[in-house]
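*Asks:* Here is the input, now give the coordinates:
(one chain, ligands or ions: 2)
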Amino acid sequence: MKIESAEVLVSSPGRNFVTLRITTDDGYTGLGDATVNGRELAVASYLEDHVVPLLIGLDAHRIEDTWQYLYRGAYWRRGPITMAAIAAVDTALWDIKAKVAKMPLYQLLGGRSREGLLVYGHASGAELPELFDSIREHQEEGYRAIRVQTGVPGLPSVYGVASSANAQQGGMGVTTRYDHEPARPGERPVEESWDTRAYIRHIPTVFEAVRNEFGPELPLLHDAHHRLTPIEAAKVGKLLEPYDLFWLEDVTPAENQAALRRVREHTTTPLAIGEVFNTIYDYKDLFEEQLIDYVRSPITHAGGITALRRIFDYASVYQIKSGVHGPTDVSPVGLAAAIHLGIAIPNFGIQEYMKHSAATHEVFRTDFAFEDGMLKPGEAVGLGVEYDDEAGAGHAYSPAYLPVARLLDGSMHNW
Ligand code: EZ4
Ligand code: CO
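*Replies:* Ligands and ions are numbered 1, 2, ... in the order given. Take a look at the predicted model:
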């Protein structure tokens, strides 16, 4: 079974997505997600100009060999663009193999290990009353675990807080909340502000209020989004201990894996890291020194199903679990792949889930379901996602960028 063609499909149903579709000589097709938020055309070119020509004529069944060919063969190993391109090829080949086997993909990954994937949704509000409403709305929709982000007094706009502008951009109408789509349309990123001291003073009061209102049982998560130094992160972890977080995410920019030693020495708040990591090597010290509790890499950004399964197996040695990134910039193809992998692995932890817009689901027709706070794969063969070419072609690429963050004196900070 040879790869006959591969197409790069760029579509923007409210936000930009890059999808790879591989077709074999006997007519099977497979889909893979290669969306890198704010850098979509770079990965589209990487695929179109440098990967698609190499794929033609390869045996579509040789998933591992093709992975190694693209990873080792590029010479320039790792990096988000390379690994997203490899992920798309890998996912599309798994989709094809499962279709040939006439099975839903999870069957090829070992079959079900659980009934569904517990997910968490994103609640946010600039102030406590809006935040409480948002938490309640999520509970009414069935979410059983909730990420909490709020405004910080003195800062005009901060990471993770939904606005009506986001709602419009999600293509869901102004009144619908769309927590939280950070990329904004435009030729340049918008600028947000940051002040770590103000944040550290405020955030424990938010979790205290949420626990008082919603009780001790509701699993709560929070994302510090790479903003803190190791000692600041240690302080936040310690201050939040009384509120029993499910996890605290991206406390430091974890390129420096040693920073997590400092954090870990000081707090028992569970830590999740890795949504910007793209290989197993990024996790090496974090795993071997047991410095984190959850792995955040999504299939889309870490080299596909083949590579992420290897990362999870490595994590399992240290009782570290999955906590896969599931923002709206991971397409329904990337999400479906995460559901098939998550239902099968032994060390599943939780899956992030932000619903895609209605316009997105017209382009990507999915068969997974959200029930009882869990995502469940459907029984269609392969990934269970169909790409509607006509709907996709109706949404041309439109520039959109993640924001940047500046400190109050104007210095650039991590967004
Ligand atoms: O910043 O998806 O946990 N979720 C996040 C997201 C990411 C965006 C990047 O594209 O941190 O908001
Ligand atoms: Co995050």
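*Asks:* Whichever residue of the stretch 251-400 of the chain sits closest to ligand 2: how many residues sit nearby?
*Replies:* Closest to ligand 2 within the stretch 251-400 of the chain is residue 275: 5.0 Å, counting by CB to the ion. Placement of C-beta: from N, CA and C, glycine included. Neighbourhood size, residue 275 [other CB atoms under 10 Å]: 24.
*Asks:* Just to be sure, it is in a strand?
*Replies:* No - secondary structure of residue 275 (DSSP: H, G, I helix; E, B strand; the rest coil): coil, not part of a strand.
*Asks:* Give me the distance between it and residue 113.
*Replies:* Applying CB to CB, to the nearest Å, the value for residue 275 to residue 113 is 23 Å.
*Asks:* Also residue 17?
*Replies:* 29 Å.
*Asks:* Compare neighbour counts for the two and give me the winner.
*Replies:* Set residue 17 next to residue 113 and count neighbours by other CB under 10 Å: residue 17 wins out with 30 against 14.
*Asks:* Do I have it right that the more buried one meets residue 32?
*Replies:* No - if you go by CB atoms under 8 Å, residue 17 and residue 32 don't touch, sitting 11.4 Å apart.
*Asks:* ok, residues contacting the stretch of helix or strand residue 204 belongs to?
*Replies:* Residue 204 belongs to helix 196-214 when assigned by DSSP states H and E. Identification of contacts with helix 196-214 by CB atoms under 8 Å, 6 or more residues apart in numbering yields 128, 131-132, 135, 148, 150, 152-155, 158, 220, 222, 227-229, 232, 235-236, 239-240, 242-245.
*Asks:* taking those residues one by one, which sit in strands?
*Replies:* Among the contacts of helix 196-214, the members found in strands (DSSP state E) are 148, 150, 220, 222.
*Asks:* At the contact with ligand 1, which residues of the protein appear?
*Replies:* With the criterion set to CB under 6 Å from any ligand atom, the chain comes near ligand 1 through 37, 182, 223, 225, 275, 325, 327, 329, 402.
*Asks:* at 8 Å instead, please
*Replies:* The chain comes close to ligand 1 at residues 37-38, 122, 147, 159-160, 180, 182-183, 223, 225, 249-250, 275, 296, 325, 327-330, 352, 402, 415, as judged by CB under 8 Å from any ligand atom.
*Asks:* Just the C-alphas of the host helix or strand of residue 390, formatted as CSV.
*Replies:* Assessed by DSSP H and E, residue 390 sits inside helix 389-393. What follows is helix 389-393, C-alpha atoms only, in CSV (Å, rounded to 0.1, in the frame of the first residue of the first chain):
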residue,chain,number,x,y,z
ASP,A,389,-13.5,20.0,1.5
GLU,A,390,-16.3,22.3,0.5
ALA,A,391,-16.8,23.7,4.0
GLY,A,392,-13.0,24.0,4.5
ALA,A,393,-12.5,25.9,1.2
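*Asks:* Which other helices and strands does the helix or strand immediately after that helix in the chain contact?
*Replies:* Using DSSP H and E, the helix or strand that follows helix 389-393 in sequence is strand 400-401. With contacts defined as 3 or more CB pairs under 8 Å, 6 or more residues apart in numbering; DSSP states H and E, the packing partners of strand 400-401 are strand 184-185.
*Asks:* contact partners of the helix holding residue 390?
*Replies:* For helix 389-393, the external contacting residues (CB under 8 Å, 6+ apart) are 9, 11, 13, 19, 362, 363.
*Asks:* now with 10 Å?
*Replies:* 7, 9-13, 17, 19, 21, 359-365 (CB atoms under 10 Å, 6 or more residues apart in numbering).
*Asks:* need the contact list for residue 388.
*Replies:* 11, 361, 362, 363, 364, 365, 394.
*Asks:* The residue nearest to the fifth one when sequence neighbours are not counted: neighbour count?
*Replies:* If I follow you right, that is residue 364. Nearest residue to residue 364 in three dimensions, chain neighbours excluded: residue 332, at 3.8 Å (CB to CB, 6 or more residues apart in numbering). Residues near residue 332, counting by other CB under 10 Å, number 24.
*Asks:* Check the one 3 residues further on too.
*Replies:* By other CB under 10 Å, the residues close to residue 335 number 29.
*Asks:* what does residue 27 give?
*Replies:* 8.
*Asks:* Tell me which residue in the stretch 101-250 of the chain sits closest to ligand 2.
*Replies:* residue 223 (4.3 Å).
*Asks:* and the closest residue to that residue other than its chain neighbours, what does it touch?
*Replies:* In space, and not counting its chain neighbours, residue 223 is closest to residue 249: 4.2 Å by CB to CB, 6+ apart. Contacts for residue 249 were tallied using CB under 10 Å, 6+ apart; they are 147, 221-226, 270-275, 294, 296, 323, 325, 352.
*Asks:* ok, back up a step: so the residue nearest to residue 364 sits against residue 353, correct?
*Replies:* No - between residue 332 and residue 353 there is no contact under CB atoms under 10 Å: 11.4 Å.
*Asks:* who touches stretch 404-413?
*Replies:* If you take CB under 10 Å, 6+ apart as the criterion, stretch 404-413 is touched by 154-155, 157-159, 188-196, 198, 225-227, 414-415.
*Asks:* and it, how far apart are its ends?
*Replies:* Criterion CA to CA, to the nearest Å; first-to-last residue distance in stretch 404-413 is 8 Å.
*Asks:* circling back to that earlier point, what sits in contact with each of residue 17 and residue 32?
*Replies:* Joint contacts of residue 17 and residue 32 (CB under 10 Å, 6+ apart) are 331, 333, 334.
*Asks:* Most neighbours out of those, which is it?
*Replies:* Highest neighbour count within those, by other CB under 10 Å: residue 334, with 32 neighbours.
*Asks:* and it, what helix or strand is that in?
*Replies:* Using DSSP H and E, residue 334 falls in helix 332-344.
*Asks:* Name the strands paired with the helix or strand just after that helix and say parallel or antiparallel.
*Replies:* Following helix 332-344 in sequence order, the next helix or strand is strand 350-352 (DSSP H and E). Taking DSSP bridges as the criterion, strand 350-352 sits next to strand 117-125 (parallel), strand 321-324 (parallel) in its sheet.
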